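Visitor: Sequence plus the predicted model coming up.
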Amino acid sequence: MKIYYSLLQFIFYIAQSQESWKTIYQEFTGSNWDASSNLTFNQDGTSLLPTLVHLASAEIRSYLEEIQFSVLIHQFLHNLLFLLIINYEYHQIYGIDSWDGEILKMVFDSEIRQRSFILTDGQQICGRIDPIFLEYNTPIVITVSYHNSKSVVIIMTSTLDQSEKDESWGFQNLQIEILECPPGCAFCSDSTSQCKFWKNVESYQFGKSTEEGWLIDGSQQITSSFCNGVRILGGINILQKGQGVVNLMESLVPHFKVQIMVKIWVIGEWQNEEFAFEIDGQLYDGITIVSDDFIYPNCQKQKVRILNVDVNTFHSSPSIKLSMKTSKNIEAIAHWGFQSTEMFIAICASRCQTCTGELDSQCVICLEPWIKINIGCIAPPLECSQIQIIEQQNKQVDLKNSFQINIDELAQNLGEIGQKTVTIDKLIYSINFQIQVRCSEQKIVQSFFRSCQQCYEDQYKLSNQCPNKSNILRYNAIFHQVMEQEKVLIITISESKLQILQVLSTEEESIQVLILQIQI
């Protein structure tokens, strides 16, 4: 009888160069741990590791022997699905004992690694004492240079063909490390300082109800199946080679770019067939599919390969049509499906309907009733709806300076030379400015009252001449707000000019708009 034990150690790194590693998960390390406290299987074969890790379709007989060694049954199939924050690279480390040429295979999404071991590999660690029954513990590193998805599928399996008492393998020291993107960024490639403009439209992951919206060949509602213990849309006897799926999403918020990640599963015999991913009828990604030469017993003894599709492109339409198609070169049993779909849209700045980027200044068309200016979309300034001017001659009025303004809504009288900022509540719809102007003989008083945004030629621009020494001009001007907003006004008084500016802001900048001016 041959007895082989194996010890599998792995550390998962999700990397972007230059930054320090952050451990987000660590388990089964050292010698003082109990697998039963970390791994509990449900009747359907699924299990949940603490925090981040899902396991499915794993049959485990024993994790620990007296010698602190993991033992798993022969042909052990292990699927790990990690919920990960955004990432770049993966590194994985393995340690394995000696076998008689059988293969340990590791699938990490689209990356596939395998290694065979022979009797003389390793050293005597445990199990039967025999010069050729050796155990092997060594690291193997796998690197995936680019990965945007928030999930990763890991499948571990072997070609062992005898009882677990004769041939076995296992693992310990599970650790996941990542290099995070900049704070607030959905993707590490975002170059802006804020990069908070991505919005997750929909995420199909980990057993959620996802069928709605996806149609096979544009007509038949798709259903789901299981492959290697993982639920996928489509799959065996549902979505065949040569068929496609379509999903039309409407009423998207204003945006300028989309990022779509899809995890494709191809099952069965594929020989250079094409997978095509289209957006609104235009091809954005094409992949030539070749089957992996490995049979998976937990997927109806079919070959399985996982492909990651990642598309980033400009898009601004309120609807988007996603299409995935496959070609068919040979008559062979082959199916396909997808396990997760993540779609992000890069949204325009608030108040914006059409834009070329995430900044306020990159807005092209503002939502109603916001107004487009060079810094972005601002609320409409106050508009003068009524103006009355009364000239009083030979009347003595006690004015300290040339101007005095009374604002009924604030119960304030202002006449001192200088500048003052006042704030008027958004619930105050109209504002009545009562202004007295003292002018000398033969002086001309020019006045401006903003009436609307689009009618520059029709603004209230008035001119009054004072024929006598003691003329007083009284202005009663009523302004109203176009949309409900808090109103910040800067009132400046000098000997020759009264000016009122309204402060209006985007999320990034502020401007001052002239709404009233009287000058002697």
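Guide: Looks like it arrived, so ask away.
Visitor: low-confidence ranges in the stretch 1-150 of the chain?
Guide: Applying pLDDT under 70 to the stretch 1-150 of the chain flags the ranges 1-22, 24-99, 119, 125-128, 137-146.
Visitor: State the paired neighbours of the helix or strand hosting L504 in the sheet, together with their directions.
Guide: Using DSSP states H and E, L504 maps to strand 497-505. Strand 497-505 sits in its sheet next to strand 487-493 (antiparallel), strand 510-519 (antiparallel), going by DSSP bridges.
Visitor: got a list of contacts for that strand?
Guide: 378-379, 381-382, 402-403, 405, 433, 435, 437, 487-492, 510-520 (C-beta atoms under 8 Å, 6 or more residues apart in numbering). Every C-beta, even on glycine, is put in place using the N, C-alpha and C of the backbone.
Visitor: What subset of the residues you listed is buried?
Guide: 378-379, 381-382, 402-403, 405, 433, 435, 437, 487-489, 491, 511, 513, 515-518, 520 (16 or more other C-beta atoms under 10 Å).
Visitor: still on that earlier bit, now the strand holding L504: mean pLDDT?
Guide: On average, the pLDDT along strand 497-505 is 94.
Visitor: buried residues in it?
Guide: Going by 16+ other C-beta under 10 Å, strand 497-505 has these buried residues: L498, Q499, I500, L501, Q502, V503, L504.
Visitor: Closest one of the residues you listed to E269?
Guide: Using C-beta to C-beta, L504 comes nearest to E269 of these, at 64.8 Å.
Visitor: Find the nearest non-adjacent residue to the closest one, please.
Guide: Spatial nearest neighbour of L504, chain neighbours left out: I378 (4.3 Å); criterion: C-beta to C-beta, 6 or more residues apart in numbering.
Visitor: list the contacts for the one you found?
Guide: Counted by C-beta under 8 Å, 6+ apart, I378 has contacts W370, I371, L504, S505, T506, I511.
Visitor: Mind putting the residues you listed into JSON lines with distance to T157?
Guide: What follows is these, written out as JSON lines (distance: C-beta to C-beta, whole Å):
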{"residue": "W370", "distance to T157": "58"}
{"residue": "I371", "distance to T157": "62"}
{"residue": "L504", "distance to T157": "63"}
{"residue": "S505", "distance to T157": "59"}
{"residue": "T506", "distance to T157": "56"}
{"residue": "I511", "distance to T157": "64"}
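Visitor: Quick check: of the residues you listed, which lies closest to K105?
Guide: Among the contacts of I378, and counting by C-beta to C-beta, the member closest to K105 is T506, at 54.9 Å.
Visitor: which ones are touching that closest one?
Guide: Counting by C-beta under 8 Å, 6+ apart, the residues that T506 touches are A349, R351, D360, I375, G376, C377, I378.
Visitor: Wait, the third one touches K372, no?
Guide: Looking back up the chat, that one is D360. No - look at D360 against K372 with C-beta atoms under 8 Å: they stay out of range, at 10.3 Å.
Visitor: the more surrounded of the two?
Guide: D360 (23 against 16; other C-beta atoms under 10 Å).
Visitor: how close does the more buried one get to N237?
Guide: 52 Å (C-beta to C-beta, to the nearest Å).
Visitor: same question, N432
Guide: Taking C-beta to C-beta, one finds N432 at 76 Å from N237.
Visitor: One more: I154?
Guide: In terms of C-beta to C-beta, I154 sits 26 Å off from N237.
Visitor: and if you look at S316?
Guide: For S316 relative to N237 (C-beta to C-beta), the value is 39 Å.
Visitor: The two: which is more packed in?
Guide: S316 (18 against 11).
Visitor: That one contacts C352, doesn't it?
Guide: No - look at S316 against C352 with C-beta under 8 Å: they stay out of range, at 10.9 Å.
Visitor: domains for this structure, by residue range?
Guide: 1-182, 198-347, 379-519 (automatic domain parsing).
Visitor: Can you get me the start-to-end distance on the second one?
Guide: So the one you mean is domain 198-347. Taking C-alpha to C-alpha, to the nearest Å, the first and last residues of domain 198-347 lie 6 Å apart.
Visitor: quick thing: my sequence starts at 29, can you match it?
Guide: Sure, I'll start counting at 29 from here, so that last one is domain 226-375.
Visitor: A439: neighbour count?
Guide: A439 has 7 nearby residues by other C-beta under 10 Å.
Visitor: Next up, the contacts around it.
Guide: Going by C-beta under 8 Å, 6+ apart, the list of residues near A439 is empty.
Visitor: that older thread, between the strands paired with strand 525-533, which gets nearest to F303?
Guide: strand 538-547 (50.2 Å).
Visitor: ok, and what's touching that closest one?
Guide: For strand 538-547, contacts defined as C-beta under 8 Å, 6+ apart pick out 401, 403, 406, 409-410, 412, 431, 461, 463, 465, 473-478, 503, 505, 507, 517-518, 524-533.
Visitor: Try it again at 7 Å.
Guide: 401, 403, 406, 409-410, 431, 461, 463, 465, 473-478, 503, 505, 507, 518, 524-532 (C-beta atoms under 7 Å, 6 or more residues apart in numbering).
Visitor: quick one: the strands in the stretch 279-428 of the chain?
Guide: Along the stretch 279-428 of the chain, the segments classed as strands by DSSP state E, counting those that start in this stretch run 283-296, 299-307, 310-318, 323-324, 330-342, 348-354, 362-375, 380-383, 391-394, 399-401, 404-406, 411-420.
Visitor: Need those strands in CSV (columns: distance to E130).
Guide: Below are these laid out as CSV (distance: least, C-beta to C-beta, whole Å):
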stretch, distance to E130
strand 283-296, 24
strand 299-307, 27
strand 310-318, 24
strand 323-324, 14
strand 330-342, 18
strand 348-354, 33
strand 362-375, 27
strand 380-383, 57
strand 391-394, 62
strand 399-401, 68
strand 404-406, 64
strand 411-420, 82
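Visitor: and which of the buried residues of strand 525-533 is nearest to P325?
Guide: For these, the nearest to P325 is L532 (67.2 Å; C-beta to C-beta).
Visitor: what is that closest one paired to in the beta sheet?
Guide: Under the criterion used (DSSP bridges), L532 bridges to I539.
Visitor: Equivalent analysis for Q299, please.
Guide: V318.
Visitor: since we're on it, how many residues are nearby?
Guide: Neighbours of Q299 (other C-beta under 10 Å): 12.
Visitor: Isn't it up against K356?
Guide: No - at 10.3 Å, Q299 and K356 do not qualify as touching, with contact defined as C-beta atoms under 7 Å.
Visitor: and G263, how many neighbours?
Guide: 25.
Visitor: Point me to the helix or strand that includes the residue nearest to it when sequence neighbours are not counted.
Guide: Spatial nearest neighbour of G263, chain neighbours left out: S253 (3.4 Å); criterion: C-beta to C-beta, 6+ apart. Here S253, judged by DSSP H and E, is contained in strand 252-255.
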